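Engineer: How does the following fold in three dimensions:
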Amino acid sequence: MIPETSHPGRWWHRIGDGRIQCDLCPRDCKLHEGQRGACFVRKMENGAMVLTTYGRSSGFCIDPIEKKPLNHFYPGSSVFSFGTAGCNLACKFCQNWDISKSRDMDRLMDSAGPEEIARAAVRMGCKSVAYTYNDPVIFAEYAIDTARACREAGLKNVAVTAGYMHEQARREFYAVMDAANVDLKGFTDDFYVKYCGGQLQPILDTLVYLKKETDVWLEITTLLIPTLNDSDAEVRALAEWIMRELGPDVPLHFSAFHPDYKLRDLPATPPASLSHARELALAAGLHYVYVGNVHDTSGDTTYCPSCGKPLIVRDWYEILDYRLDDRGACPDCGALVAGRFERFERPFGARRIPVALHPA
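Structural biologist: Next comes the predicted model:
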């Protein structure tokens, strides 16, 4: 276990009764001396906000970029991934609950500063660094410093997040990010309140901000949970909102739920439900809709939005065929596929390679 250290925190103010208020996310936690926020990693110490997980990680790993999931951001490349502990939402269906819900920090088994992470990612041939596993919003100071070091080293930065943050922090955070996959966990406020401990509107605000005010490449993931957020009406409403507010070129991933954490009484998502949701979203006008956490080559494949030909054929995280040119254009009709592309040589594959920066 890496000993806890305190790093000066940002986005907070004093509220006049001896407490401070965290301004990072819409929870607006008000803290007494020694008290931690709902995320557990932000704390009032000596009258100020501190981040207790700066430089401390639950582990480092090299992943395929498709695992984030990002299907239109340098497909086939490898990404150096890490997270910390804690979360500012309280999703009852959390698939990484052993990390995101950690309270004793026993998952923080490795340490590294921003420059060390950048050097490691370059040394291991990665295209980008991903802030993932738990939500990077709550370790934003660490993520921002690391992202700056990575940019100086020629690396791209990827945020995998629920998007639950306030405007000022959001602007500073995404100023150093190149891509984001945002979890849109459902499409009703009731679902967010009851199953996530949050609200829907701040996530929608983040999505609109990313699409309309930044150059960050954006993809969206919705974990489809049987009986809770998988009705035809809700899936249509979600897809139609994306089409109306973000446009047809933002990729949408429907991912399979498996019983976990506090929702062990529900069944896993049937593959047919994912395929049906995909068809509904395509019918709403979205160009790129995928399924995840299941083997479905058709649902994993990128098709030309103009002529419909398969352009990137995938089986889970494995690229079986790649036909785009360096600009991301279809070789059959010349239409451009939305995304970030470069010369494609050979895919990293479906490997997952754990990395110890400080071997025992």
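
Engineer: Measure how buried the nearest residue to residue 133 once chain neighbours are set aside is and give me the count.
Structural biologist: Excluding its sequence neighbours, the residue lying closest to residue 133 (C-beta to C-beta, 6 or more residues apart in numbering) is residue 83, at 3.0 Å. (Each C-beta comes from the backbone N, C-alpha and C, glycine too.) Look at residue 83: counted by other C-beta atoms under 10 Å, it has 28 neighbours.

Engineer: Would you mark the buried spots in stretch 114-128?
Structural biologist: 114, 117, 118, 119, 120, 121, 126, 127, 128 (16 or more other C-beta atoms under 10 Å).

Engineer: Out of these, the closest to residue 258 would be?
Structural biologist: The shortest approach to residue 258 among those belongs to residue 128, at 27.2 Å (C-beta to C-beta).

Engineer: Quick check: phi and psi on the residue nearest to residue 133?
Structural biologist: Per-residue torsions, residue 83: phi -150, psi -170 (degrees, to the nearest 10).

Engineer: ok, what's across the strand from it?
Structural biologist: Counting by DSSP bridges, residue 83 forms beta bridges with residue 59.

Engineer: Hmm, it is touching residue 138, no?
Structural biologist: No - Residue 83 is beyond contact range of residue 138, at 9.9 Å (criterion: C-beta atoms under 8 Å).

Engineer: got any ranges where the chain has weak pLDDT?
Structural biologist: Applying pLDDT under 70 to the chain flags the ranges 1-4, 95-109, 261, 359-360.

Engineer: May I see the domains of it written out as residue ranges?
Structural biologist: Following automatic domain parsing, one gets these domains for the chain: 7-51, 56-309, 310-346.

Engineer: Give me the buried positions along the last one.
Structural biologist: Neighbour-count burial for domain 310-346 flags 311-314, 317-319, 322-324, 328-330, 336-341, 344 (criterion: 16+ other C-beta under 10 Å).

Engineer: How much space separates residue 72 from residue 85?
Structural biologist: 30 Å (C-beta to C-beta, to the nearest Å).

Engineer: Over to residue 171?
Structural biologist: Separation of residue 171 from residue 85 (C-beta to C-beta) stands at 25 Å.

Engineer: Of these two, which one has the most company?
Structural biologist: Ranked by neighbour count (other C-beta under 10 Å), residue 171 and residue 85 place residue 85 first, with 27 against 13.

Engineer: Tell me the secondary structure of that one, please.
Structural biologist: Here residue 85 is recorded as coil under DSSP: H, G, I helix; E, B strand; the rest coil.

Engineer: Surely it and residue 54 touch.
Structural biologist: No - using C-beta under 8 Å, residue 85 is not in contact with residue 54, being 12.0 Å away.

Engineer: Give me whichever of the domains of the chain is most buried.
Structural biologist: The highest average neighbour count among these, using mean count of other C-beta atoms under 10 Å, belongs to domain 56-309 at a mean of 20.

Engineer: gap between that one and the chain center?
Structural biologist: 3 Å (C-alpha atoms, centre = their mean, to the nearest Å).

Engineer: Check stretch 55-75 too.
Structural biologist: What separates the centre of stretch 55-75 from the centre of its chain is 9 Å, taken as C-alpha atoms, centre = their mean.

Engineer: Okay, strands next: where are they in the stretch 101-250 of the chain?
Structural biologist: Secondary structure of the stretch 101-250 of the chain (DSSP state E, counting those that start in this stretch): strands located at 110-111, 128-131, 156-161, 179-183, 217-224.

Engineer: Could you check the angle the third one makes with strand 179-183?
Structural biologist: Calculated by axes from the mean of the first three to the mean of the last three C-alpha atoms, to 10 degrees, strand 156-161 forms an angle of 10 degrees with strand 179-183.

Engineer: Can you show me the CA trace of strand 156-161 as PDB?
Structural biologist: The C-alpha trace of strand 156-161 is given here as PDB (Å, rounded to 0.1, in the frame of the first residue of the first chain):
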ATOM      1  CA  LYS A 156      -2.500  12.100 -26.700                       C
ATOM      2  CA  ASN A 157      -4.800  12.200 -23.600                       C
ATOM      3  CA  VAL A 158      -8.000  10.200 -23.100                       C
ATOM      4  CA  ALA A 159     -10.600  10.700 -20.400                       C
ATOM      5  CA  VAL A 160     -13.000   7.900 -19.500                       C
ATOM      6  CA  THR A 161     -15.600   9.600 -17.300                       C
END
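
Engineer: Go ahead and name everything in contact with that strand.
Structural biologist: 65, 68, 70, 73-74, 79, 127-133, 135-137, 143, 147, 150-151, 173-174, 176-183 (C-beta atoms under 8 Å, 6 or more residues apart in numbering).

Engineer: Perfect, that will be all.
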